[in-house]
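Trainee: Predicted coordinates and the sequence they were generated for:
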Amino acid sequence: MTASQAAIKRLYFGDNLQVLRAHVADESIHLIYLDPPFNSKRDYNLLFKTPKGQQSDASITAFEDTWHWGQQAEDEFRELMRCGNTDVAELMQALRSFLKENDMMAYLVMMANRLLELHRVLKPTGSLYLHCDPTASHYLKVVLDGIFGKEFFVNEIIWKRYGSHNDHGQGSKHFGRTHDSILLYSKTEVRQWNQLFMPLSPGYVDSTYRGAESDGRRFATTPMTGPGGAEKGNPVFEWNGHTRAWRYSKETMQRLHDEGRLHYSKTGYVRQKLYLDESRGVAVQDMWDDISSLSGAHAERMGYPTQKPLALLERIISASSNEGDVVLDPFCGCGTALHAAEKLSRGWIGIDITHLSVSLIEKRMRQAFPGIPFTVEGTPRDLDAARDLAERDKHQFQLWACTLVGAQPYKGGKKGADGGLDGLLWAETAKGKVEKVIVQVKGGTHVSRANIATLKGDIDREKAAIGLFVTLQPPTKEMVKEAAAAGHFETPHLQQKQWPKVQILTIAGLLDGSERPQFPDLSLGEQTYKAAKKHSREQTTGALF
C-alpha cells in the first residue's frame, strides 16, 4: 500500500478470500476484528447433520448464518492441504476425520483459509480479535492455535451481551446463554497494547479509600515491602524502626516521606498512600459485562440483525491500535468496526460479500461522517460493470439494483423467497397513512411488455401504491405504453397529487442520475434501515476506551 496509513479508507464488495489475496499486502494491517457468521440462529445440533443432496452454497446472506459442505468447501479443503503450513494441513485433516463432511466442517475449512490470509496481512505488532459464540468457539480456537501458534493466544474475552435469557418458560433445559466469546491472538510477542481502565465502583471506593487527609483528600494504602523479598533483589534496610526488604530504595523512601505520601501505623510501620484523585480506575479485565447489546429501541440500532454496539468496537480498537493505524474487518456486516475506526481516527478496510451490507455501510459512513473520502471497490459504478455482475451473479445483481432506488431486499433478500418481488420501500400518502412501493429487477438481455403486465398484476396482488421496474436493458415502446396505461396513484393530501403507478427505470439512468423513482418518500418502516447518527471529531471521547 502506497497511501499514507491514515488515508486508507476502503470498502470492498466480494469474497473476502479473493479480496485479501488480490488487494491487501503482506504485513500491512495493524488490527483485525472479525465477526463471521456462526449459525447463532440455528439449532446447534443441526451443525452435525451431514447434508444429503445438498447443493453447493458458500455465499453468505445478511440474514442467513450458515455455510454448507459442497463443492466450494471441498475445493477450499484441498487448498488447505497444499497451503504450505503443514501443521494447519494436519489439523484440518484431523478435524475432517472427526466431524465428517457437515456444515461445521465446511465452516471451519472456509474460516481456516481466511485466517491464513489474515495472518499474512497482519503486522508483527498486530492483533486479531475473532468474535464468536459457543457454537464453534472451541473449534475456532484450535484452528487459531494452528495458524498463529498456541503461544500467541492472549485472551478469551467473555462479552455478556444479555442480562438473562428467560426461555425456561418455553421448555429449555439449559442454563441461560447470555455471552459471546472474543478470541484475541497476536502475531508476535511485541503486539501493540494500550492499557484501558474503567471507573472504580462506589462500593469499592468506600471500602478501599478509607483514609483522608485534613483537607478531605481520600487515599488507600498499599504495602512497601518488595515482592519476593531480598532473594528477588529488593533492597534491605531499616526504616522507622522496621527492617525489611523494601520495594523502593532508601532515597526513594525518603522522597516519598518528604512528599507526605507515606502512612505510618501506631507501631511506626510504613505503607504507601494511593490517592483516589490520582487513580486511573481499574484495568479492564477479560470479562466484559458493562457493554450491553443493542436490544429494544437502542439509539444505535439500524435494523441490521447482528449489529454490535460501537462501545464494544471502540474498546477493542483503542486497546490494540493507535491513531493512524489501519483496522481491517473482513466480515463487516453493517460496518460498526469501520464506524468505530473512523471515529477514533484510524484508517480502515472493510469487506463483505453482500451488496446489501456494502450499500448500508456506504450510507452509514456518509451519514455519520459527512464529507469523508473513501473508496468502494467491486460495486458497479458504470453500465459495463453492472452487466458483468448480472452475468456472474443474478441474485447479487438484484440486491445491488434495489439499493439504487433505496429499497430493501424483499424478505431479507433470501433466494427463492420473493414471489416475483425483489425490493420493497414505503410511501406516505397522508398523515399517518403508509403505502407499499414494490420493486422488480430484470438483469437479462430481453425485456418486453409482458414484464410490465406482470408487474401490474403484482401491484394489485400486493395492494401496492406504485411499482418500480428496474432494468439493465432499455425499455421497448410497448413497455412504455403498457406502463403509461396503468395510470397514476393519487395523493390528494400532498402538494404533488399524482405519481406514475408503474415506473420503468434503467440501470444506466440510475447510475448517471438522469432517472430516479417518483413517490412520496417516507424512508422508514420495518424494511428500512435507520440513519446513522452524525459524529464530529469533538464528540470522540476516550476516557476509558
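Mentor: That came in fine, so what should we check first?

Trainee: wait, doesn't A220 sit right on D206?
Mentor: No: counting by CB atoms under 8 Å, D206 is not a contact partner of A220; they are 11.1 Å apart. Yep, even glycine has a C-beta here, placed from its N, CA and C like the rest.

Trainee: Which of these two has more residues huddled nearby?
Mentor: Taking other CB atoms under 10 Å, A220 and D206 do not tie; A220 has more neighbours (19 against 11).

Trainee: quick one: that one is in a strand?
Mentor: Yes: residue state for A220 (DSSP: H, G, I helix; E, B strand; the rest coil) corresponds to a strand.

Trainee: and it, what is it in contact with?
Mentor: Applying CB atoms under 8 Å, 6 or more residues apart in numbering to A220 gives the contacts T208, Y209, R210, G211, K273, L274, L276.

Trainee: how about the strands in the stretch 151-300 of the chain?
Mentor: Secondary structure of the stretch 151-300 of the chain by DSSP state E, counting those that start in this stretch: the strands cover 153-160, 179-186, 197-198, 211-212, 218-223, 236-239, 242-245, 262-264, 270-275, 282-283, 287-288.

Trainee: Name the nearest residue to the residue of the chain positioned farthest from its centre, ignoring sequence neighbours.
Mentor: Relative to the C-alpha centroid of the chain, counting by CA atoms, centre = their mean, G241 is the outermost residue, at 60.1 Å. In space, G241 comes closest to G268 once its chain neighbours are excluded; the distance is 4.9 Å by CB to CB, 6 or more residues apart in numbering.

Trainee: Name only those of the contacts of A220 that count as buried.
Mentor: Among the contacts of A220, those scoring as buried are T208, Y209, G211, K273, L274 (criterion: 16 or more other CB atoms under 10 Å).

Trainee: and the two most separated of these?
Mentor: Maximum pairwise distance among the buried ones among the contacts of A220 (CB to CB): 12.4 Å, between T208 and K273.

Trainee: follow-up on the earlier one: could the contacts of A220 be laid out in JSON lines, adding pLDDT?
Mentor: What follows is those, written out as JSON lines (pLDDT from 0 to 100):
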{"residue": "T208", "pLDDT": "95"}
{"residue": "Y209", "pLDDT": "96"}
{"residue": "R210", "pLDDT": "95"}
{"residue": "G211", "pLDDT": "95"}
{"residue": "K273", "pLDDT": "97"}
{"residue": "L274", "pLDDT": "97"}
{"residue": "L276", "pLDDT": "97"}
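
Trainee: In JSON lines, list those along with distance to E151.
Mentor: Listed next are the contacts of A220 as JSON lines, based on distance: CB to CB, whole Å:
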{"residue": "T208", "distance to E151": "36"}
{"residue": "Y209", "distance to E151": "39"}
{"residue": "R210", "distance to E151": "42"}
{"residue": "G211", "distance to E151": "43"}
{"residue": "K273", "distance to E151": "40"}
{"residue": "L274", "distance to E151": "35"}
{"residue": "L276", "distance to E151": "39"}
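
Trainee: L389 and P227, how far apart?
Mentor: To P227, L389 is 63 Å away according to CB to CB, to the nearest Å.

Trainee: With neighbour numbers in mind, choose between these two.
Mentor: More crowded of L389 and P227, by other CB under 10 Å: L389, with 23 against 9.

Trainee: For the strand or helix carrying that one, C-alpha coordinates in PDB please.
Mentor: Assigned by DSSP states H and E, L389 belongs to helix 383-392. Backbone C-alpha positions of helix 383-392 (Å, rounded to 0.1, in the frame of the first residue of the first chain) are rendered in PDB as follows:
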ATOM      1  CA  LEU A 383     -23.100   0.100 -17.100                       C
ATOM      2  CA  ASP A 384     -20.400  -2.400 -18.200                       C
ATOM      3  CA  ALA A 385     -19.700  -3.300 -14.500                       C
ATOM      4  CA  ALA A 386     -23.400  -3.800 -13.900                       C
ATOM      5  CA  ARG A 387     -23.700  -6.100 -16.900                       C
ATOM      6  CA  ASP A 388     -20.800  -8.100 -15.600                       C
ATOM      7  CA  LEU A 389     -22.400  -8.500 -12.200                       C
ATOM      8  CA  ALA A 390     -25.700  -9.600 -13.700                       C
ATOM      9  CA  GLU A 391     -23.900 -12.300 -15.700                       C
ATOM     10  CA  ARG A 392     -21.800 -13.500 -12.800                       C
END
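
Trainee: following it, which helix or strand comes up?
Mentor: Past helix 383-392, the next helix or strand by DSSP H and E is helix 394-404.

Trainee: so what does that following helix touch, helix or strand wise?
Mentor: Using 3 or more CB pairs under 8 Å, 6 or more residues apart in numbering; DSSP states H and E, the elements in contact with helix 394-404 are helix 355-368, helix 383-392, strand 408-409, strand 423-430, strand 433-442, strand 466-471, helix 507-512.

Trainee: which helices and strands sit right next to the longest one?
Mentor: Contacts defined by 3+ CB pairs under 8 Å, 6+ apart place helix 355-368 against strand 9-13, helix 336-343, strand 347-352, helix 394-404.

Trainee: in that helix, what counts as buried?
Mentor: Within helix 355-368, the residues that count as buried by 16+ other CB under 10 Å are H355, L356, S357, V358, S359, L360, I361, E362, K363, R364, M365, A368.

Trainee: The second one now?
Mentor: Applying a neighbour-count criterion of 16+ other CB under 10 Å, the buried positions in helix 383-392 are A386, R387, L389, A390.

Trainee: Show me what that helix is packed up against.
Mentor: helix 394-404, helix 507-512.

Trainee: What lies in contact with that helix?
Mentor: If you take CB under 8 Å, 6+ apart as the criterion, helix 383-392 is touched by P380, Q396, F397, W400, G443, G444, L472, I507, A508, L511.

Trainee: now swap in the last one and tell me
Mentor: When contacts are taken as CB under 8 Å, 6+ apart, the neighbours of helix 507-512 outside the stretch itself are 380-383, 386, 401, 404-405, 470-472, 474, 515-516.

Trainee: And the first one, by the same measure?
Mentor: Contacts of helix 355-368 from elsewhere in the structure, counted by CB under 8 Å, 6+ apart, are 11-13, 61-62, 302, 304, 332-335, 338-339, 342-343, 350, 352, 372, 374, 376, 378-379, 396, 399-400, 403, 408-409, 413, 529, 531-535.

Trainee: Apply 6 Å and report the result again.
Mentor: 11, 13, 62, 333-335, 352, 376, 379, 396, 399-400, 403, 409, 413, 529, 531-532, 534-535 (CB atoms under 6 Å, 6 or more residues apart in numbering).

Trainee: hmm, which of those are the buried ones?
Mentor: With neighbours counted by 16+ other CB under 10 Å, the contacts of helix 355-368 contain buried members at 11, 13, 62, 333-335, 352, 376, 379, 396, 399-400, 403, 409, 413, 529, 532, 535.
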